[in-house]
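In: structure for this input, please:
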Amino acid sequence: MNFALLIVPLAAGIFVGYFLREKRKINLGKATLGIILVLIFALGFGIGSNSELLSSLPDVGLSGAVIASLAIVFSIIFVKAIRRKAGLE
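Out: Here you go, the predicted structure:
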C-alpha cells in the first residue's frame, strides 16, 4: 500500500478542519460510527471468505485469549508492586 494513500487524506482532513474550526461545529460521530461498522463488516467478510484463515481461527482465538489474560494479570501484579514500593497503598 502506498504511504501517500494514507497521508494525503489525513493531511486534507487536518487542513479542512483547521480552517472550518471557527465556522461551525460539525458532529461526525454518526458518520464515523457508520464507517467503522463498514470496516468491521469488510474485515469479517475477508475472514469468512478465506477458508484457511477461518479454519485456524479457533487456535488463533485461544492464543489471543491466553495472551490477553496474561497481559491483564501481570499488569495488575506489576501495578500493585509499584504502588506498594512507591507508598501509594
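In: CA atoms of the one helix or strand in the chain whose mean pLDDT sits lowest as CSV?
Out: Using mean pLDDT, DSSP states H and E, the weakest-scoring helix or strand in the chain turns out to be helix 51-55, at a mean of 86. These are the backbone C-alpha positions of helix 51-55, laid out as CSV (Å, rounded to 0.1, in the frame of the first residue of the first chain):
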residue,chain,number,x,y,z
SER,A,51,-11.3,-20.9,4.4
GLU,A,52,-7.7,-21.4,5.5
LEU,A,53,-8.0,-18.4,7.9
LEU,A,54,-11.4,-19.5,9.1
SER,A,55,-10.2,-23.0,10.0
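In: who does it touch, helix- and strand-wise?
Out: Other helices and strands packing on helix 51-55, by 3 or more C-beta pairs under 8 Å, 6 or more residues apart in numbering; DSSP states H and E, are helix 29-49. Backbone N, C-alpha and C define where each C-beta goes, glycine included.
In: what's the domain layout of the chain?
Out: 1-55, 57-89 (automatic domain parsing).
In: how about low-confidence regions in the protein?
Out: Counting by pLDDT under 70, the ranges of the chain that qualify are 1.
In: try it again at 80.
Out: 1, 22-27, 89 (pLDDT under 80).
In: can you give me the distance of the most centrally placed residue in the chain to residue 29?
Out: What sits nearest the mean C-alpha location of the chain, by C-alpha atoms, centre = their mean, is residue 36, with 10.2 Å. Distance, residue 36 to residue 29, using C-beta to C-beta, to the nearest Å: 11 Å.
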